[in-house]
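>>> After the sequence you'll find the predicted model.
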Amino acid sequence: MAILTVQQLTKVYEGKQTYRALDRVSFAMDQGEFVGIMGPSGSGKTTLLNMVSTMNQPTSGEVWLNGENVSLISQKDIEQFRRQHLGFVFQHFALLDTLTVEENILLPLILDGKPIDEMKRQLHNIATRLDIQTLLQKQIDDLSGGQKQRTAIARAIIHSPTLLLADEPTGNLDSKSTKDVLEVLLDLNRERATSILMVSHDPLVASYCDRVLFMKDGQLYNELYQGEDREAFFRKLLDMLALLGGDRRDFLSVYLPKHDS
Ligand SMILES: Nc1ncnc2c1ncn2[C@@H]1O[C@H](COP(=O)(O)OP(=O)(O)OP(=O)(O)O)[C@@H](O)[C@H]1O
């Protein structure tokens, strides 16, 4: 069953010059899929994610999430809808530094007025799964990048959202933490059937997805499925990115020496 359907989505930014950042993008995502979005810088990836997340309104076209046309949800109900159905993971973690790890994770449930017992049970399950049980009373500043991102993932999934949206979730992490975070996302996807839509520049990161959509100049250009072999998929992603053009450093910068980027 499709949990997300995007139909003919178009976004035109008005300004001195109008700019068509998204141009009639259509795709669907099944429950339990792990889908990546790749494409050169400026191709419209974040714009697409912002429309799906209901943070930004399209110029035309529709987003259906869990059977609801999100543009028909009233302003009054949209925050509640977002809190119930969506989880967000960002490159810069977006954690509240003045709160502990536990407080950061529980925040969405507190906002929803969930009973304390249920909150604690959920917290225990999630913290164990993400291996952050010993960090719960720590301040955010005392965590490593990987620990911060695992905390952010815990916060994003504690309410079992319909869809987890991730915008460059490993963009700020070293290679060890990147692998840890990807394994966590893959576990959630495989074991809890969490549906994930993830933007990444990095073909190694995107190779964890079941399917990758490629954007170019605001349009959907192509898609590739992983199949059985992640390494072969990684090579296919590289080939597709080369074909897409743009600045190769957009997506290969992670593999280039620092002075070269
Ligand atoms: N608020 C805005 N007003 C005007 N133009 C915008 C706005 N937001 C984005 N754009 C333009 O829309 C295009 C697509 O931007 P978007 O951020 O979606 O690309 P992206 O593929 O996510 O890029 P990157 O990989 O660099 O993050 C870009 O040319 C950008 O300059």
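Structure received. Numbering: from 1, shown residues only.
>>> Return the distance of residue 178 relative to the ligand.
Distance of residue 178 to the ligand, computed by Cβ to the nearest ligand atom, to the nearest Å: 17 Å. Bear in mind the C-beta positions are built from the backbone N, C-alpha and C, glycine included.
>>> ok, for that residue, nearest residue in space, not its chain neighbours?
residue 170 (4.1 Å; Cβ to Cβ, 6 or more residues apart in numbering).
>>> swap in residue 86?
residue 161 is the one closest to residue 86 (Cβ to Cβ, 6+ apart), at 5.2 Å.
>>> One more: residue 57?
residue 71 (6.9 Å).
>>> residues contacting that neighbour?
Shown in contact with residue 71 (Cβ atoms under 8 Å, 6 or more residues apart in numbering): 57-58, 62-63.
>>> Keep only those that also lie close to the ligand.
Near the ligand, judged by Cβ under 6 Å from any ligand atom, there are no entries from the contacts of residue 71.
>>> Okay, now the sheet partners of the host helix or strand of residue 63, with direction.
Residue 63 is part of strand 60-65 when elements are defined by DSSP states H and E. Applying DSSP bridges, strand 60-65 is found paired with strand 2-13 (antiparallel), strand 68-69 (antiparallel).
>>> Now stretch 140-160 - C-alpha only, PDB.
Below are the C-alpha coordinates for stretch 140-160, written out as PDB (Å, rounded to 0.1, in the frame of the first residue of the first chain):
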ATOM      1  CA  ILE A 140      23.600  17.400  24.300                       C
ATOM      2  CA  ASP A 141      26.900  19.200  24.300                       C
ATOM      3  CA  ASP A 142      28.600  16.200  25.900                       C
ATOM      4  CA  LEU A 143      27.700  13.900  23.000                       C
ATOM      5  CA  SER A 144      29.700  12.900  19.900                       C
ATOM      6  CA  GLY A 145      28.200  13.600  16.500                       C
ATOM      7  CA  GLY A 146      27.100  10.000  16.100                       C
ATOM      8  CA  GLN A 147      25.500  10.000  19.500                       C
ATOM      9  CA  LYS A 148      23.700  13.300  18.700                       C
ATOM     10  CA  GLN A 149      22.300  11.800  15.500                       C
ATOM     11  CA  ARG A 150      21.200   8.600  17.300                       C
ATOM     12  CA  THR A 151      19.400  10.800  19.800                       C
ATOM     13  CA  ALA A 152      17.800  12.800  17.000                       C
ATOM     14  CA  ILE A 153      16.600   9.500  15.400                       C
ATOM     15  CA  ALA A 154      15.200   8.300  18.700                       C
ATOM     16  CA  ARG A 155      13.200  11.600  19.000                       C
ATOM     17  CA  ALA A 156      12.100  11.200  15.300                       C
ATOM     18  CA  ILE A 157      10.700   7.700  15.700                       C
ATOM     19  CA  ILE A 158       9.500   7.500  19.300                       C
ATOM     20  CA  HIS A 159       5.900   8.200  18.200                       C
ATOM     21  CA  SER A 160       6.100   5.500  15.400                       C
END
